[in-house]
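Student: got a predicted structure plus its sequence, pasted below:
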Amino acid sequence: MQVKDTVRTVLSRRIGRHPAVPALCAKCRGSLMTVAIIFRPVHEEAGEWLRQWDGFVTKKVTSLYQAIGGDPVVRALTHRFYELMDSLPEARIVRSVHPPSLVGSEEKFYEYMTGYLGGPPLYTDKRGHPRLRSRHFVAEIGPVERDEWLLCFRRALDETISSQALRDLIWGAGGTARLSHAEQGSRQQGTTMSLNARLEPVLYLFAGLFGVAGVALAALAAHGGGEANLAASASAMCLAHAPALLALALGNVRLRTAWLAGLLMIVGTLLFAGDLVTLRFSGSGLFPYAAPTGGWAMMLGWLAVAAGAVLRVRP
């Protein structure tokens, strides 16, 4: 990897513009080729890298952006990348991480890749520092998502950039390193996001059940008879927390405490309303202090929502 790193460093520092570089390359090329031959089992493509390097220096190409053909090629690369993500069955999981429309994602990726390859810093001029890790906190990125993303990127490279050496240079410099930063950042919150995702169907389920129960209990209280106030109180708690659970399910990707708040609200509502309904029909509650325990659980659930304002997931 030493030869490849040397070539990459030279290119990244743009020394090809210096008039003395072609002569220096001609003088040193023999020694470097000798090193490449000696270490051929370790890095067999070193000779091809050096031949391409000579071409870059002779043409005074100062960046990968210029070497691959500039803006049209970067645009084609990013467009094809998202076309593949949107159409390949093998990329369905990483596609699900993205919004329904990929137009905005494609534009941001185009702006980022333009600057990353040595072109105009479109992304930073418009949006500031990329902050790859923090911007990927909203998604759980694991090995499957990583591999599918790289599959789309590799195929897009192969279809839009003709030079094998340039494809390998882009792939080696950015194909894995940049994504690994995003994956590392996502894994810092992987447990939280995983709990939110796993609990989402449960939140939807109990939102629906509490809604139905709340309406039924309200009708029971309206018809009077027995302890109508007990049914009314149980109905109020169910109808108050059904939309709350629905909101937590819909916004769980932005609220780190959604799973905790949802669980507390579910347990609290079940205890509070269940105790009152049992008391209404049987004359005795679930167990001593069941309703107060449920009330405390519901209040703690709302406090967990408030805590999420401080610990919220930032895009």
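Tutor: Sure, I can see it. Numbers count the residues shown, from 1 in each chain.

Student: show me which positions of the helix ranked longest in the chain end up buried.
Tutor: Looking across the chain with DSSP state H, the single longest helix is helix 190-222. Neighbour-count burial for helix 190-222, counted by 16 or more other CB atoms under 10 Å, picks out 192-193, 195-196, 199-200, 203, 206-207, 209-211, 213-214, 217-218, 220-221. C-beta coordinates here come from the backbone N, C-alpha and C atoms, glycine included.

Student: avg pLDDT for it?
Tutor: What helix 190-222 shows for mean pLDDT is 82.

Student: remind me what it packs against, helices and strands.
Tutor: helix 228-250, helix 258-282 (3 or more CB pairs under 8 Å, 6 or more residues apart in numbering; DSSP states H and E).

Student: got the angle for it vs helix 258-282?
Tutor: 30 degrees (axes from the mean of the first three to the mean of the last three CA atoms, to 10 degrees).

Student: winner for burial among the helices and strands packed on helix 190-222?
Tutor: Stretch with highest mean neighbour count among the helices and strands packed on helix 190-222: helix 258-282 (a mean of 22; mean count of other CB atoms under 10 Å).

Student: find the least confident helix or strand in this protein, judged by mean pLDDT.
Tutor: helix 21-38 (a mean of 40; mean pLDDT, DSSP states H and E).

Student: wait, residue 238 touches residue 207, no?
Tutor: No: when contacts are counted by CB atoms under 8 Å, residue 238 is not listed as touching residue 207 (10.1 Å).

Student: so, low pLDDT: which residues of the stretch 51-200 of the chain?
Tutor: Within the stretch 51-200 of the chain, the segments meeting pLDDT under 70 span 51-62, 133-139, 173-194.

Student: what about the helices in it?
Tutor: Using DSSP state H, counting those that start in this stretch, the helices of the stretch 51-200 of the chain run over 64-68, 71-87, 92-97, 103-116, 122-127, 132-135, 143-160, 164-170, 177-188, 190-222.

Student: now the ones you listed in JSON lines, with distance to residue 247?
Tutor: Shown next, in JSON lines, are those (distance: least, CB to CB, whole Å):
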{"stretch": "helix 64-68", "distance to residue 247": "45"}
{"stretch": "helix 71-87", "distance to residue 247": "30"}
{"stretch": "helix 92-97", "distance to residue 247": "22"}
{"stretch": "helix 103-116", "distance to residue 247": "24"}
{"stretch": "helix 122-127", "distance to residue 247": "29"}
{"stretch": "helix 132-135", "distance to residue 247": "24"}
{"stretch": "helix 143-160", "distance to residue 247": "27"}
{"stretch": "helix 164-170", "distance to residue 247": "43"}
{"stretch": "helix 177-188", "distance to residue 247": "24"}
{"stretch": "helix 190-222", "distance to residue 247": "9"}
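
Student: now do the buried residues in stretch 84-95.
Tutor: Buried-residue list, stretch 84-95, by 16+ other CB under 10 Å: 84, 85, 91, 94, 95.

Student: list the contacts of the last one.
Tutor: To tie it back to what came earlier, the one meant is residue 95. 85, 86, 148 (CB atoms under 8 Å, 6 or more residues apart in numbering).

Student: of all the buried residues of stretch 84-95, which comes closest to residue 172?
Tutor: Proximity of the buried residues of stretch 84-95 to residue 172 was ranked by CB to CB; the top entry is residue 84 with 20.5 Å.

Student: right, and that closest one touches residue 155 too?
Tutor: Yes: using CB under 8 Å, residue 84 makes contact with residue 155 at a distance of 5.5 Å.

Student: just the buried positions in stretch 75-82, please.
Tutor: Buried-residue list, stretch 75-82, by 16+ other CB under 10 Å: 76, 77, 78, 79, 80, 81, 82.

Student: these: which two are farthest apart?
Tutor: 76 and 82 (11.5 Å).

Student: please name the nearest non-neighbouring residue to residue 206.
Tutor: The spatially closest residue to residue 206, leaving aside those adjacent along the chain, is residue 266, at 5.0 Å (CB to CB, 6 or more residues apart in numbering).

Student: spit out the contact partners of the one you found.
Tutor: Counting by CB under 8 Å, 6+ apart, residue 266 has contacts 202, 203, 206, 241, 245.

Student: what about it, distance to residue 210?
Tutor: Using CB to CB, to the nearest Å, we find residue 266 at a distance of 8 Å from residue 210.

Student: residues that sit against both of those two, list them.
Tutor: Counting by CB under 8 Å, 6+ apart, the residues touching both residue 266 and residue 210 are 241, 245.

Student: where does the stretch 201-315 of the chain have low pLDDT?
Tutor: Ranges of the stretch 201-315 of the chain meeting pLDDT under 70: 225-226, 253, 312-315.

Student: quick check, residue 121 in contact with residue 127.
Tutor: No: between residue 121 and residue 127 there is no contact under CB under 8 Å: 10.4 Å.
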